[in-house]
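Chemist: model the structure of this input:
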Amino acid sequence: MSSSYRMSRNLEASIIEYLETNLKADWRGVGIEKSFVKSYDVPLPVVCVRLGNTTHEWAEVGTTSTRRNALILLDVFTTSDGQRLDLKDYIIEKIKVGCPYYEYVTSNNRILSRTANGNIRVLSIEDKPLNFGSDKSELSAHDRFRHLITLDVSIGKVE
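Modeler: Next comes the predicted model:
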């Protein structure tokens with residue numbers, strides 16, 4: 001039996017697909033994960049794509065229609081400071097122009113089809129290195145050179 005992703009999962013999956021396609025074309029060996037925990041089980045470098053907080057702003061007075069703004073978290077795990085800076089700049093360069101928004105149909109955790117239905121617009125970007133306040137040699141390999149990119153995104157549709 002097939003089912004369709006709802007908007008939150010479509011946002012995540014669309015961004016994952018967009019980043020996977022670009023990274024495969026321009027970088028060698030960068031993995032993409034949806035699960036933060038699984039990011040620690042794969043070789044570096046890896047980018048974890050997660051959906052964070054979502055706000056729903058009223059679209060019209062007197063209705064329950066809203067426009068969704070979602071926070072997308074991109075955790076970038078790398079092997080060095082240089083790689084961290086290069087990879088985060090590359091991701092920002094690619095993602096700031098936005099990307100296609102797809103609606104996915106799945107069955108048994110496999111994507112059966114996808115249909116383009118607009119674009120994901122990036123409203124704002126913030127990026128920062130993660131500093132855990134201790135010597136990097138004391139941290140796990142995945143946390144030594146970690147960077148967080150946060151995106152505020154919207155597809156501009158009324159729900």
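Chemist: list the buried residues of the worst-scoring helix or strand of the chain on mean pLDDT.
Modeler: Averaged element by element with mean pLDDT, DSSP states H and E, the chain has its least confident helix or strand at helix 141-144 (a mean of 88). Judged by neighbour count using 16 or more other Cβ atoms under 10 Å, the buried positions of helix 141-144 are 142, 144. C-beta coordinates here come from the backbone N, C-alpha and C atoms, glycine included.
Chemist: give the residue farthest from the middle of this protein.
Modeler: Using Cα atoms, centre = their mean, the residue of the chain lying farthest from its centre is residue 62. It sits 33.6 Å away.
Chemist: and the pLDDT at it?
Modeler: In this prediction, residue 62 carries a pLDDT score of 85.
Chemist: how about the one 5 residues further on?
Modeler: Reading off the confidence values, residue 67 has pLDDT 91.
Chemist: and residue 88, by the same measure?
Modeler: pLDDT recorded at residue 88 is 98.
Chemist: so it, which state does it fall into?
Modeler: Assigned by DSSP: H, G, I helix; E, B strand; the rest coil, the conformation of residue 88 is helix.
Chemist: burial count for it?
Modeler: Neighbours of residue 88 under the rule other Cβ atoms under 10 Å: 20.
Chemist: find the nearest non-adjacent residue to it, please.
Modeler: For residue 88, the nearest residue in space outside its immediate sequence neighbours is residue 147; the separation is 4.7 Å by Cβ to Cβ, 6 or more residues apart in numbering.
Chemist: next one, pLDDT for that neighbour please.
Modeler: Turning to residue 147, the model gives it a pLDDT of 97.
Chemist: next one: residue 23
Modeler: On pLDDT, residue 23 comes in at 97.
Chemist: ok, the residue nearest to residue 88 touching residue 84?
Modeler: Yes - under the criterion of Cβ atoms under 8 Å, residue 147 is in contact with residue 84, at a separation of 5.1 Å.
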